[in-house]
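Engineer: Sequence plus predicted model, see below.
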Amino acid sequence: MSANKVLIGGGTGFIGQNLRKLLSTGGYNIVNVSRMPGANNVSWSTIEKSGLPLNTKAVVNCAGQQFMDFTKSWTPGFKQNVQNSRIYTTRALSQAINESNDKPKVFVLVTGVGAYEPSNTVKYDECSPTTGTDFFSQLLVEWEKAANVNPPVRLVSLSSKQLSALRNAENLEWTCEDCRKESPHRKSFIIPEDDDDDTDGIQLGESGSTAMSKLLRDISLEVKKAVKMELASVNESLSSWWIKMDTINATREILTEKVKDLEKKNMYLTNQNTHLELKVNAMEQQIRNMEQKQLDNVLEITGIPEDKDENLEKLSSKLASKLNVEKRQASMVKRLKGRDGKEGVIQVVLQQEEQVDQWIRAARTETIALEDITPNAPNPEVAKRRVLLRRALTKANKTLLWQAKQTLKETYKYIWFQGGKVLARKFDNDKPVIIRSSCDIDKLSTQKYR
């Protein structure tokens, strides 16, 4: 008996380990097909190249990626591994059996019940057609197709429920061909009970032996024990996961409440921030108005180049004479420092705000060139340059006025500064629009042109 070899694919797995232990106690010489090296191990590549070991009397395939592994994500790659680890190994063993000169007596394939469409009312037996409508049913169909062995090798395809039925069927006769010829002809089919939901049938070949029948019964017992242990482990894992899920759900509810509280606080802070922004904008506007108020009586003159020996009071007096305004209105004259190499403007501080308007109105009716007020022009071209007058503006108002002119020049006909405010008007008869900030410019730029 010790010369009889049993080749087990996937013998290092949960079921395979227990099956090896069982068969070893029965006096069988076990050879394991594995990817890992070791005593009494052969590799899958060796099976494909060299075939079955000598004196192999039975082949059992338990190989397959564990699909109830909660540490693995159910990705397309994992599903492909589940499929390949079953179909390719079964196909390799079938090919080795068919090519062997000393063929084994039986090929046992432990599959499953996923080939049938799930139903609460339909009963299935081994003659029921497979559906192939989902991943598991397609897997079972292709898996069993891969177990294509030629006679006289007997093919046995077992599921866990069938193994249980075989063990409990005391009157089921598994006999050799000679015994069957001498006994009354009878066929046996394993039909699950009404409450069974595992419905694969068992397929028995035409030939066999008493030793192989005993081997199959032993396998059924061991596989049933292994399946029970595996299911117990799975149930324990599921219970643990359910406890974790309950904890996660409770934590999620707590976090949901906290998120709601944070959303309320965020809404409150947002409203507070908006209120503060409005207050800050109002205060900034007041400060800008105060700064501009200090410049209401200040006039700026541009177009006069800076000269190291220049007399600003004399220049302002000549300009007043050209404009026919009172010379004594100017209380102070100074030149501001220019930026980026540009000449600075001349500021004339007048006694009253109305005098600024008087000078500007006079400049609109009188064209004054640089040569009219100073003989020190650097060249004739500069001497013809026009001298311009304008109100003095704060830096913020200058920037706002420039932005308004650049943005609204295509839609607004007039854009100017008056009374401490930037004003804009589309048409001659329209009411002027006050521009207080860049936000007002953006709003006006998005309005449709009428």
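Structural biologist: Perfect, thanks for sending it.
Engineer: immediately after the host helix or strand of Trp359, which helix or strand?
Structural biologist: Using DSSP states H and E, Trp359 maps to helix 353-365. Counting by DSSP H and E, the element after helix 353-365 in chain order, helix or strand, is helix 380-383.
Engineer: Which positions in the helix or strand that that following helix is followed by come out as buried?
Structural biologist: Sequence-wise, the next helix or strand downstream of helix 380-383 (DSSP H and E) is strand 388-391. By neighbour count with 16 or more other Cβ atoms under 10 Å, strand 388-391 contains the buried residues 389, 391. Quick note: C-beta positions are derived from backbone N, CA and C, even for glycine.
Engineer: which other helices and strands contact strand 388-391?
Structural biologist: For strand 388-391, the elements it packs on are strand 298-302, helix 353-365, judged by 3 or more Cβ pairs under 8 Å, 6 or more residues apart in numbering; DSSP states H and E.
Engineer: For Phe14, see how far away the residue positioned nearest the centre of the chain is.
Structural biologist: Nearest residue to the geometric centre of the chain (Cα atoms, centre = their mean): Thr75, 15.6 Å. Applying Cβ to Cβ, to the nearest Å, the value for Thr75 to Phe14 is 23 Å.
Engineer: what distance separates the start and the end of stretch 46-59?
Structural biologist: 15 Å (Cα to Cα, to the nearest Å).
Engineer: for the stretch 301-450 of the chain, what spans make up the helices?
Structural biologist: Under the criterion DSSP state H, counting those that start in this stretch, helices of the stretch 301-450 of the chain are mapped to 312-323, 353-365, 380-383, 395-408, 438-446.
Engineer: Which one of the ones you listed lies nearest to Gly303?
Structural biologist: helix 380-383 (9.2 Å; Cβ to Cβ).
Engineer: Just the C-alphas of that closest one, formatted as PDB.
Structural biologist: Extracted in PDB, the C-alpha atoms of helix 380-383 (Å, rounded to 0.1, in the frame of the first residue of the first chain):
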ATOM      1  CA  PRO A 380      11.900 122.300 -28.600                       C
ATOM      2  CA  GLU A 381       9.900 119.100 -28.500                       C
ATOM      3  CA  VAL A 382       9.500 119.200 -24.700                       C
ATOM      4  CA  ALA A 383       8.900 123.000 -24.900                       C
END
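Engineer: Provide the contact partners of it at residue level.
Structural biologist: Under the criterion Cβ atoms under 8 Å, 6 or more residues apart in numbering, residues 305, 369-371, 377 lie in contact with helix 380-383.
Engineer: got a markdown table for the residues you listed, with pLDDT and distance to Val153 too?
Structural biologist: What follows is the contacts of helix 380-383, written out as a markdown table (pLDDT from 0 to 100; distance: Cβ to Cβ, whole Å):
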| residue | pLDDT | distance to Val153 |
| --- | --- | --- |
| Pro305 | 86 | 112 |
| Ala369 | 86 | 117 |
| Leu370 | 82 | 116 |
| Glu371 | 83 | 120 |
| Ala377 | 75 | 117 |
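Engineer: If we only consider those, which is nearest to Pro151?
Structural biologist: Nearest to Pro151, judged by Cβ to Cβ, of the contacts of helix 380-383 is Pro305 at 115.1 Å.
Engineer: Would you mind stating the distance between the closest residue to that closest one other than its chain neighbours and Ile304?
Structural biologist: Nearest-residue entry for Pro305: Glu343, 5.6 Å, with adjacent residues in sequence omitted and distances by Cβ to Cβ, 6 or more residues apart in numbering. Counting by Cβ to Cβ, the gap from Glu343 to Ile304 is 8 Å.
Engineer: which of those two has more neighbours?
Structural biologist: Between Glu343 and Ile304, counted using other Cβ atoms under 10 Å, Ile304 has the larger neighbour count: 24 against 15.
Engineer: which residues sit in contact with Asp430?
Structural biologist: Contacts of Asp430 (Cβ under 8 Å, 6+ apart): none.
Engineer: Please report how far it lies from Leu423.
Structural biologist: 11 Å.
Engineer: what is Val333 paired to in the beta sheet?
Structural biologist: For Val333, the beta-bridge partners under DSSP bridges are Val348.
Engineer: I'd guessed it sits against Leu350; true?
Structural biologist: No - the criterion here is Cβ atoms under 8 Å, and Val333 misses it with Leu350 at 10.2 Å.
Engineer: in the chain, what secondary structure element scores lowest on mean pLDDT?
Structural biologist: Least confident helix or strand of the chain, by mean pLDDT, DSSP states H and E, is helix 177-182 with a mean of 44.
Engineer: residues touching Gly26, list them.
Structural biologist: Contacts of Gly26 (Cβ under 8 Å, 6+ apart): 215, 218.
Engineer: Give me the phi and psi for it.
Structural biologist: phi -90, psi 0 (degrees, to the nearest 10).
Engineer: Give me the mean pLDDT for stretch 261-268.
Structural biologist: Taken as a whole, stretch 261-268 has a mean pLDDT of 95.
Engineer: and Ile254, how many neighbours?
Structural biologist: By other Cβ under 10 Å, the burial measure for Ile254, its neighbour count, is 10.
Engineer: Over to it. Which of the three states is it?
Structural biologist: With DSSP: H, G, I helix; E, B strand; the rest coil as the basis, Ile254 sits in helix.
Engineer: nearest to Thr274, of the contacts of helix 380-383?
Structural biologist: Looking across those and measuring by Cβ to Cβ, the closest to Thr274 is Pro305, at 49.7 Å.
Engineer: Would you agree Pro53 falls within a strand?
Structural biologist: No - secondary structure of Pro53 (three-state DSSP): coil, not part of a strand.
Engineer: List the residues that contact it.
Structural biologist: Pro53 neighbours (Cβ under 8 Å, 6+ apart): 5, 7, 31, 42.
Engineer: returning to what we had before: list the helices and strands the helix holding Trp359 packs on?
Structural biologist: Partner elements for helix 353-365 (3+ Cβ pairs under 8 Å, 6+ apart): strand 298-302, helix 312-323, strand 346-350, strand 388-391.
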